[in-house]
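# Sharing a model prediction with you, sequence too.
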Amino acid sequence: MYDIEKAVYVAGIAKPGKEDSISAMYQNLSLGLVVDRTTGQILDLGCSMVMEETVYFIRQLLVGKNLVEDTQEMVELLCTRFFALSQKALITALYDAKNHYLMAMARQKATEEEKEQP
């Protein structure tokens, strides 16, 4: 398990293609990531996929990677190992989650710096 005190949760969303079953069930593909706020490492994830095997496979590919530093490596893994219709939407959701994480960490840092000023 992971240290919940160091963990943050971020989510990214994307629109899957109309032919993808995700579109019929959820309308959007959501990728939720539990990230260690001090290192950027992905600790766990969930996503709105129809089959649990799909979520398990994506988890095996991405957990342990660094959301900020390993983005290109994760995209390459998804392009070369994940051949579902939702591939492009998943990559888009990953970038969206990364952006949310970077913005949240920047806000948090600014807030902490504000508190330190006299």
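Right, received. Where do you want to start? Bear in mind the structure is a predicted one, so any value in this text is a computation, not a measurement.
# Helices of this structure, start to end?
21-25, 52-62, 71-81, 87-116 (DSSP state H).
# among those, which is nearest residue 35?
helix 87-116 (6.0 Å; C-beta to C-beta). Quick note: C-beta positions are derived from backbone N, CA and C, even for glycine.
# Buried by neighbour count: which residues of the closest one qualify?
By 16 or more other C-beta atoms under 10 Å, the buried positions in helix 87-116 come out as 87-94, 96-98, 100-101, 105.
# can you list the helices of the chain in a markdown table and add mean pLDDT and distance to residue 43?
Listed next are the helices of the chain as a markdown table, based on pLDDT from 0 to 100; distance: least, C-beta to C-beta, whole Å:
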| stretch | mean pLDDT | distance to residue 43 |
| --- | --- | --- |
| helix 21-25 | 75 | 24 |
| helix 52-62 | 97 | 10 |
| helix 71-81 | 98 | 14 |
| helix 87-116 | 94 | 12 |
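# Would you tell me which of those helices gets closest to residue 9?
That would be helix 87-116 among these, by C-beta to C-beta, at 9.7 Å.
# Do you know the pLDDT at residue 19?
Looking at residue 19, its pLDDT reads 78.
# contacting residues around the closest residue in space to it that isn't next to it in sequence?
Nearest non-adjacent residue to residue 19, counting by C-beta to C-beta, 6 or more residues apart in numbering: residue 85, 6.2 Å away. If a contact means C-beta atoms under 8 Å, 6 or more residues apart in numbering, then residue 85 has 16, 17, 19, 20 as its contacts.
# With that, I have no additional questions.
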